[in-house]
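**Q** Whatever this is, show me its structure:
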Amino acid sequence: MNALVFDAFGDAGVLRYREIDEPVLGVGQALIRMKAIGLNFADIYRRRGNYHLVGEPPYILGYEGAGVIAAIHAEDGAATRYRVGDRVAFADSPHANAEYVAVPLDHLIPLPDEISFETASAVLLQGLTAQYLLRDSHRLVKGESVLVHAAAGGVGLYLTQLAKSEGAFVVGLVSTELKREAALKAGADVVLLSGLDWVERARAATAGGRGFEVVYDSVGVTLRDSLRAARTGGHAVFYGMSGGDPEPVDPRLLMDESKSLTGGDLWNVLTSAEERIARSHALLAMISEGKLRVQVAKSFALSDGAAAHRFLESRHAIGKVLLIPG
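**A** This is a model prediction of the structure:
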């Protein structure tokens, strides 16, 4: 089979599309013939050597994709809900940047007929992240004021749509006018360009200028300012560091202003097959019902993966970047 691989950390130039051995199935795994693969910033961080990678060189990136089951290796006599030929997706299994991927059966998500491989690969990881941020990290209440960093990014667009569907007042932060238009189209009530005075401008958009019930921060270096943007008794949720590591936060600040700070990671809520399927199908149902819009920025052939990485790194992508095998 062919895969997008690299042997040493570096820029997109280290990526090579070449033939490697097809994965050997372990017990409790399915072999997926990939139809679409989601590209995420985490893949870039892993390629650079900033994030942990599974296995030894040649490294294969990717944790998210969709395809068709080509083979199953279940335990002897064990029942499985899956059959060869089933359409499935996954959001948390490694080595997705290949024509065939071995995926644990309990990580698979059955795809409804009306959901395409491309849609599933564009929504699952980032949509499930937005879902748990609103459901688990902070239980959103109708009428609350929400600030979303990177509101035109992959998670940001879904956070904005889901928060609006729950009746929140949403203010988005973006870096360009084009991204401002995308965040407004996603339903944000106010979208501001990030800058030196963004905290004051964002707070001014809330009722009485008192600040936000919750601030979702995926940038990292902005965390202290996110806490400033939160109202007294408000909440900051830290779930990414696209701009770099945050500075330490003095817990006395949290005490003095009755604020709370929460970290979040999707892997801590995808704890079972049942949990993955229930959360995923709730998300996919919103798409089928027209309540959640999926935006694909651009699709690249898997063999052109280096160009896809450069495009995502350029910060020009609005929506998901996909890799298409074969």
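
**Q** Distance check, the residue nearest the centre of the chain against residue 34.
**A** The chain has residue 126 as the residue nearest its centroid, 2.4 Å off, counting by C-alpha atoms, centre = their mean. Distance, residue 126 to residue 34, by C-beta to C-beta, to the nearest Å: 18 Å. Any C-beta I mention is one placed from the backbone N, CA and C, and that applies to glycine too.

**Q** The residue nearest to the centre of the chain is in contact with residue 321, isn't it?
**A** No - using C-beta atoms under 8 Å, residue 126 is not in contact with residue 321, being 11.2 Å away.

**Q** shared neighbours of those two, anything?
**A** The contact sets of residue 126 and residue 321 overlap at residue 38 (C-beta atoms under 8 Å, 6 or more residues apart in numbering).

**Q** Check whether the residue nearest to the centre of the chain sits in a helix, strand or coil.
**A** helix (DSSP: H, G, I helix; E, B strand; the rest coil).

**Q** contacting residues around it?
**A** 38, 40, 154, 155, 158, 320.

**Q** The last one contacts residue 299, correct?
**A** No - checked against C-beta under 8 Å, the pair residue 320 and residue 299 is beyond contact range at 9.0 Å.

**Q** Show the end-to-end separation of stretch 318-326, please.
**A** Start-to-end span of stretch 318-326 (C-alpha to C-alpha, to the nearest Å) is 25 Å.

**Q** Contacts for it, please.
**A** Contacts with stretch 318-326, where a contact means C-beta under 8 Å, 6+ apart, come from 2, 4, 34-39, 62, 97-99, 118, 121-123, 126, 152, 154, 157, 178-179, 182, 294-302, 305, 308, 311-312.

**Q** Now it: average pLDDT?
**A** For stretch 318-326, mean pLDDT is 94.

**Q** same deal with stretch 63-81?
**A** Across stretch 63-81, the average pLDDT comes to 87.

**Q** From start to finish, how long is it in a straight line?
**A** Stretch 63-81: ends 22 Å apart by C-alpha to C-alpha.

**Q** where exactly do the strands run in the stretch 51-200 of the chain?
**A** Ranges of strands within the stretch 51-200 of the chain are 59-60, 65-73, 87-90, 100-104, 109-110, 145-148, 169-174, 190-193, based on DSSP state E, counting those that start in this stretch.

**Q** who's more crowded, residue 320 and residue 299?
**A** residue 320 (27 against 18; other C-beta atoms under 10 Å).

**Q** which residue packs closest to that one, ignoring adjacent ones?
**A** residue 122 (3.8 Å; C-beta to C-beta, 6 or more residues apart in numbering).

**Q** Which pLDDT value goes with that neighbour?
**A** As predicted, residue 122 sits at a pLDDT of 97.

**Q** and it, what does it touch?
**A** Contacts were defined as C-beta under 8 Å, 6+ apart; by that measure residue 122 touches 36, 38, 294, 295, 296, 319, 320, 322.

**Q** at 7 Å what do you get?
**A** Applying C-beta atoms under 7 Å, 6 or more residues apart in numbering to residue 122 gives the contacts 38, 294, 296, 320, 322.

**Q** Would you mark the buried spots in the helix or strand containing the first one?
**A** Element membership of residue 38, judged by DSSP states H and E, is strand 29-39. Residues 29, 30, 31, 32, 33, 34, 35, 36, 37, 38, 39 are the ones in strand 29-39 that count as buried (16 or more other C-beta atoms under 10 Å).

**Q** before we move on, what about stretch 53-66?
**A** Neighbour counts over stretch 53-66 (16+ other C-beta under 10 Å) mark 53, 59, 60, 61, 62, 63, 64, 65, 66 as buried.

**Q** where does this structure have low pLDDT?
**A** 77-79 (pLDDT under 70).

**Q** all helices of this protein, in order?
**A** 41-48, 117-132, 154-165, 177-185, 198-204, 223-229, 251-256, 273-288, 305-313 (DSSP state H).

**Q** how about these, which one is nearest residue 266?
**A** Among the helices of the chain, helix 117-132 comes nearest to residue 266, with 5.0 Å by C-beta to C-beta.

**Q** could you dump that closest one to PDB, C-alpha only?
**A** The C-alpha atoms that make up helix 117-132 are tabulated as PDB, following Å, rounded to 0.1, in the frame of the first residue of the first chain:
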ATOM      1  CA  PHE A 117     -16.700  10.000   4.000                       C
ATOM      2  CA  GLU A 118     -15.500  13.600   3.400                       C
ATOM      3  CA  THR A 119     -18.100  15.100   5.800                       C
ATOM      4  CA  ALA A 120     -17.200  12.500   8.500                       C
ATOM      5  CA  SER A 121     -13.500  13.200   8.100                       C
ATOM      6  CA  ALA A 122     -14.100  17.000   8.300                       C
ATOM      7  CA  VAL A 123     -16.300  17.000  11.400                       C
ATOM      8  CA  LEU A 124     -15.500  14.200  13.800                       C
ATOM      9  CA  LEU A 125     -12.400  15.200  15.700                       C
ATOM     10  CA  GLN A 126     -13.000  19.000  15.800                       C
ATOM     11  CA  GLY A 127     -16.800  18.600  16.100                       C
ATOM     12  CA  LEU A 128     -16.500  16.200  19.000                       C
ATOM     13  CA  THR A 129     -14.000  18.600  20.600                       C
ATOM     14  CA  ALA A 130     -16.500  21.500  20.400                       C
ATOM     15  CA  GLN A 131     -19.200  19.200  21.700                       C
ATOM     16  CA  TYR A 132     -17.300  18.200  24.900                       C
END
